[in-house]
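Chemist: have a look at this prediction, sequence included:
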Amino acid sequence: MTARTATRVDMHVKILDERVVKRAKNRDIDVLVFAPHFVRLPDIRARAEAFSDDELLVVPAREVFAGPWHDRSHLLAIGLSDPVPDFITLDGALAEFERQGAAALVPHPELLNVSLSEAQIREHIDRLHAVETYNTKAFSRHNRRGREIARATGLPGFGSSYAHLRSSIGESWTEFDRPIESASDLVAALREGANRRVMHRSGLGHTARGLLEFAHLGFENSWGKIDRLLLSGMEPTHPNHIAYRGAFEDVSVY
């Protein structure tokens with residue numbers, strides 16, 4: 001990447017291909033944080049590396065589902081060195097992030113049944129590094145609540161497109177006041193609480209893309225949920241998967 005005094009980071013996307021990269025560059029995004037659901041860290045890391053170049057850095061990350069499916073709390077971990085499964089306890093996930101020196105972020109706080117509450121954030125605040133204050137998928141009241149929680153807890157904010165659809169890439173971003181040229185640079189900026197601005201596009205097109213993303217959430221929690229739980233067998237990120245060699249048995253919720 002070419003060094004810049006400020007860096008635009010779309011802090012959380014779920015898809016990555018040539019069209020995503022092209023759209024990110026067209027939107028002047030410098031860094032994408034790639035954290036697809038139910039994909040193990042080595043595979044995320046390999047794909048992120050394959051799509052990084054001098055114009056765009058793709059940083060691998062994991063959105064870990066802490067707790068059982070019906071009452072899960074999402075955590076975004078950036079800078080993991082070792083894989084961490086889904087469906088482990090919140091304490092277990094945060095302890096593992098801390099052990100690895102990763103940045104632990106709270107995406108879409110208090111959104112439906114998939115997020116940390118303000119009470120949970122306060123309980124674990126010493127292990128958390130930022131809370132999402134703008135998410136393209138979320139409605140205005142959810143983003144407003146994120147900003148309220150950030151102010152109340154003193155945690156820095158961040159913004160992301162949370163793109164599950166290509167058209168959402170670069171709809172929202174976090175602009176840091178420093179160059180970020182590697183995953184470790186981003187982790188340092190987050191753990192140090194670096195100065196930043198949370199920004200997003202506006203207008204009818206932006207609103208429409210947010211609504212499309214929210215509609216996609218409905219699919220994920222209806223047919224997508226049935227498919228994953230009943231038809232697809234054990235997920236690659238299930239704590240009982242052979243890949244984890246039993247390392248998370250003591251904190252598994254299943």
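Modeler: Received, thanks. Computed from a prediction, not measured in an experiment: that's the story for all the values here.
Chemist: pull out the buried residues from the helix ranked longest in the chain.
Modeler: Identified as the longest helix of the chain according to DSSP state H is helix 204-220. Within helix 204-220, the residues scored as buried using 16 or more other CB atoms under 10 Å are 209, 210, 213, 216, 217. In this view, the C-beta of every residue, glycine as well, is placed from N, C-alpha and C.
Chemist: might one say that residue 249 is in contact with residue 239?
Modeler: Yes: applying CB atoms under 8 Å as the test, residue 249 and residue 239 come out as touching, 7.3 Å apart.
Chemist: neighbour count for those two, which is higher?
Modeler: residue 239 (22 against 11; other CB atoms under 10 Å).
Chemist: contacts only, for the more buried one.
Modeler: 85, 86, 87, 88, 248, 249, 251, 252, 254 (CB atoms under 8 Å, 6 or more residues apart in numbering).
Chemist: tell me how far residue 241 lies from residue 113.
Modeler: According to CB to CB, to the nearest Å, residue 241 and residue 113 sit 24 Å apart.
Chemist: who's more crowded, the two?
Modeler: Set residue 241 next to residue 113 and count neighbours by other CB under 10 Å: residue 241 wins out with 16 against 12.
Chemist: mind checking pLDDT for the more buried one?
Modeler: If you check residue 241, the pLDDT there is 92.
Chemist: give me the neighbour count for the nearest residue to it once chain neighbours are set aside.
Modeler: Closest residue in space to residue 241, ignoring its immediate chain neighbours: residue 234 at 5.9 Å, by CB to CB, 6 or more residues apart in numbering. By other CB under 10 Å, 11 other residues sit near residue 234.
Chemist: pretty sure residue 234 belongs to a helix, no?
Modeler: No: assigned with DSSP: H, G, I helix; E, B strand; the rest coil, residue 234 falls outside any helix and is coil.
Chemist: what's the helix or strand for residue 44?
Modeler: helix 41-51 (DSSP states H and E).
Chemist: so what does that helix touch, helix or strand wise?
Modeler: helix 18-26, strand 31-34, strand 57-66 (3 or more CB pairs under 8 Å, 6 or more residues apart in numbering; DSSP states H and E).
Chemist: Throw the ones you listed into CSV and include distance to residue 127, thanks.
Modeler: Shown next, in CSV, are the helices and strands packed on helix 41-51 (distance: least, CB to CB, whole Å):
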stretch, distance to residue 127
helix 18-26, 30
strand 31-34, 19
strand 57-66, 12
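Chemist: relative to residue 167, how far out is residue 210?
Modeler: Separation of residue 210 from residue 167 (CB to CB): 11 Å.
Chemist: ok, now residue 245?
Modeler: From residue 245 across to residue 167, the span is 40 Å (CB to CB).
Chemist: tell me the confidence at the nearest residue to residue 63 once chain neighbours are set aside?
Modeler: Nearest residue to residue 63, sequence neighbours excluded (CB to CB, 6+ apart): residue 35, at 4.5 Å. Per-residue pLDDT puts residue 35 at 98.
Chemist: residues contacting residue 35?
Modeler: 12, 13, 14, 44, 60, 61, 62, 63, 76.
Chemist: pLDDT averaged over stretch 109-125 - what is it?
Modeler: So the average pLDDT for stretch 109-125 ends up being 93.
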